[in-house]
Every structure is written in structure tokens, then in C-alpha cells.
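A.B. asks: A structural model of the following input is requested.
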Amino acid sequence: MDKGIVSPLVVGFTNKFSSRGIWLVFAFSVFLVSVPVFIEAPLVRSLPWVSLALTGFWVWLGKLLMSRYSTYLWGDLLIGFSWSWLAGSIYWGWLRWEPLWHLPVESIGLPFALWCAYRNWGKIGNWFYLGSLLGTALTDVYFYLVGLIPHWRQIMQVEPDLVRPILQSALAQVQTPWGQGWAFILATILLILGVIPLRKPESHYYAFSGAVLSTILVDALFLLAAVIA
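C.D. replies: Model (predicted):
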């Protein structure tokens with residue numbers, strides 16, 4: 001389909017969608033951030049190549065949806081999600097024992113996302129990816145500041161029945177004044193960065209906010225899991 005014809009239609013559709021159901025973009029972004037945690041993580045541990053191959057499926061499905069007027073927005077969002085899925089497949093499949101590689105691998109789609117955002121193409125998906133990457137970066141910063149990196153390495157190297165004491169040790173560091181203070185600071189930063197874009201009516205800002213704010217939810221769930229353990 002000719003780019004000159006599609007672009008005005010897409011812009012019109014996006015604006016129309018934003019005025020009626022823009023919160024669906026936000027909700028779907030939250031869902032997509034949760035997918036790698038609850039679906040990809042178990043899959044990639046046992047079948048890393050299958051998880052990696054699924055990246056191609058997400059890209060194909062995204063492009064298919066983008067080729068249609070009524071589903072363009074969802075395809076756009078799915079293309080951005082495919083970068084997060086690709087990074088997760090590579091890191092958690094083969095590099096999860098080394099935390100230092102986490103953020104560089106998660107940033108694998110950053111040049112593409114920035115270039116596309118500059119060219120004003122795929123704004124919803126690329127802003128979703130940028131929001132997801134930002135949340136990941138601040139979470140990793142917290143791990144470094146609080147000294148949780150050694151626990152990360154240990155958890156990735158021991159048998160599942162030996163994880164509990166490591167989690168309890170990590171939780172003890174989180175519960176110190178230093179750990180709680182930085183948790184409050186970084187959560188506040190995420191909250192501010194996630195809420196401010198919601199003041200603008202464009203869909204891509206809601207995709208960004210959904211990705212950023214859901215980081216707080218996912219981190220809270222991990223903390224709850226550690227407490228229960």
C-alpha cells in the first residue's frame with residue numbers, strides 16, 4: 001500500500017481512536033510489559049530457541065496488523081513489543097548469569113526506536129519500547145545501588161530449591177533504610193515520568209506511560225514473591 005495514502009489514514013485513525021478509547025492503549029501496554037515476566041520467562045528457560053523464533057512471529061503479526069486500517073495501532077504497538085521480546089529471549093536464554101549484560105541487551109532496539117521516533121514512524125510501538133526500557137534501566141540501577149547484583153548471580157546459578165535463602169538475604173538488604181530510601185526515590189521518579197505524559201492526548205504517550213507505570217507493578221510483584229518465599 002502506498003505510503004502517501006496510508007499515512008493520512010493512519011493519522012486520522014489514531015486521532016479518532018485517541019478521543020474514544022485511548023486508555024485501551026495504556027491498558028494493553030501494561031499487559032505487554034507483564035507478558036515477558038509471566039509467559040516469556042518460563043518459556044525461555046526451557047525452550048530459548050522457541051522464544052527467540054517467536055520474535056519473528058510478533059514482527060510478522062505486527063506488520064500484518066499495520067497493513068490494515070482498523071488494526072494499524074495494535075500492529076504498531078506489537079512491533080515495539082517485539083524488541084522487548086527479542087532482548088528478553090537473548091538475555092534470559094543465554095546470558096542471564098551475568099547481570100552486567102542485562103541492560104545492554106535490553107537496549108538492542110534503542111537505535112532503531114530512536115531513529116523511527118525521529119522519522120515519526122511507528123510512534124506508539126517505539127514509545128512503548130522506550131518506556132519499557134526506561135523502567136528496566138531504573139530497576140537495574142536499584143539493584144546496583146542496593147547491592148543485589150551478587151544475589152542475582154547466585155539465583156541464576158543454583159537449583160530452584162536453594163533459591164529461598166538467597167531471596168531472604170536479598171530481601172534483608174531491600175528492607176534496610178538505604179534500600180527503602182532508594183526504592184522510594186526511584187519509584188517516585190517512575191511515577192512522575194509515567195503520569196506526566198498522560199496529560200497529553202496522543203496515543204503514543206499513553207503507550208509510554210503504560211510501560212513505565214507497569215514497571216512499578218511488576219517490581220512490586222517480585223517483592224511480594226520474595227516476601228512470600
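A.B. asks: tell me the centre residue of the protein?
C.D. replies: In the chain, the centroid-proximal residue (CA atoms, centre = their mean) is Ser132; its distance is 3.3 Å.
A.B. asks: ok, it to Ile166 distance?
C.D. replies: 26 Å (CB to CB, to the nearest Å). (Each C-beta comes from the backbone N, C-alpha and C, glycine too.)
A.B. asks: please apply the same query to Val50.
C.D. replies: Between Val50 and Ile166 the distance, using CB to CB, works out to 28 Å.
A.B. asks: same check, this time on Leu61
C.D. replies: Counting by CB to CB, the gap from Leu61 to Ile166 is 38 Å.
A.B. asks: give me the more crowded residue out of Val50 and Ile166.
C.D. replies: When Val50 and Ile166 are compared for neighbours, Ile166 comes out ahead with 19 against 12, by other CB atoms under 10 Å.
A.B. asks: tell me the strands in the chain, going along the chain?
C.D. replies: Counting by DSSP state E, the chain forms no strands at all.
A.B. asks: lowest-pLDDT helix or strand in it?
C.D. replies: The least trusted helix or strand in the chain, going by mean pLDDT, DSSP states H and E, turns out to be helix 3-35, with a mean of 64.
A.B. asks: ranges for the helices of the chain?
C.D. replies: Here the chain has its helices, by DSSP state H, at 3-35, 41-46, 48-66, 72-90, 102-106, 110-118, 123-146, 149-157, 163-174, 177-195, 203-228.
A.B. asks: for the protein, give me the ranges with low pLDDT.
C.D. replies: Counting by pLDDT under 70, the ranges of the chain that qualify are 1-21, 229.
A.B. asks: what about Leu138, neighbour count?
C.D. replies: 19.
A.B. asks: name the nearest residue to it, sequence neighbours excluded.
C.D. replies: Sequence neighbours aside, Leu186 is the residue nearest to Leu138 in space, at 5.1 Å (criterion: CB to CB, 6 or more residues apart in numbering).
A.B. asks: how many neighbours does that neighbour have?
C.D. replies: Look at Leu186: counted by other CB under 10 Å, it has 19 neighbours.
A.B. asks: OK, contacts around it?
C.D. replies: Each residue near Leu186 by CB atoms under 8 Å, 6 or more residues apart in numbering is listed here: Leu138, Thr139, Val141, Tyr142.
A.B. asks: with Gln180 instead?
C.D. replies: Val174.
A.B. asks: now do the one 3 residues further on
C.D. replies: With contacts defined as CB under 8 Å, 6+ apart, Ala183 is in contact with Tyr142, Val174.
A.B. asks: what's the distance between Val25 and Glu202?
C.D. replies: For Val25 relative to Glu202 (CB to CB), the value is 10 Å.
A.B. asks: more crowded one of these two?
C.D. replies: Applying other CB under 10 Å to Val25 and Glu202 shows that Val25 carries more neighbours, namely 27 against 17.
A.B. asks: the more buried one and Tyr205 touch, don't they?
C.D. replies: No - assessed by CB atoms under 8 Å, Val25 is found out of contact with Tyr205, at 9.1 Å.
A.B. asks: now Ala207, nearest residue through space, not along the chain?
C.D. replies: That would be Phe128: by CB to CB, 6+ apart, it lies 4.0 Å from Ala207.
A.B. asks: surely the one you found and Gly210 touch.
C.D. replies: Yes - between Phe128 and Gly210 there is a contact under CB under 8 Å: 7.3 Å.
A.B. asks: show me which of the two is the more surrounded one.
C.D. replies: A direct count of neighbours by other CB under 10 Å for Phe128 and Gly210 places Phe128 higher, at 33 against 28.
A.B. asks: right, I'll call it a day here.
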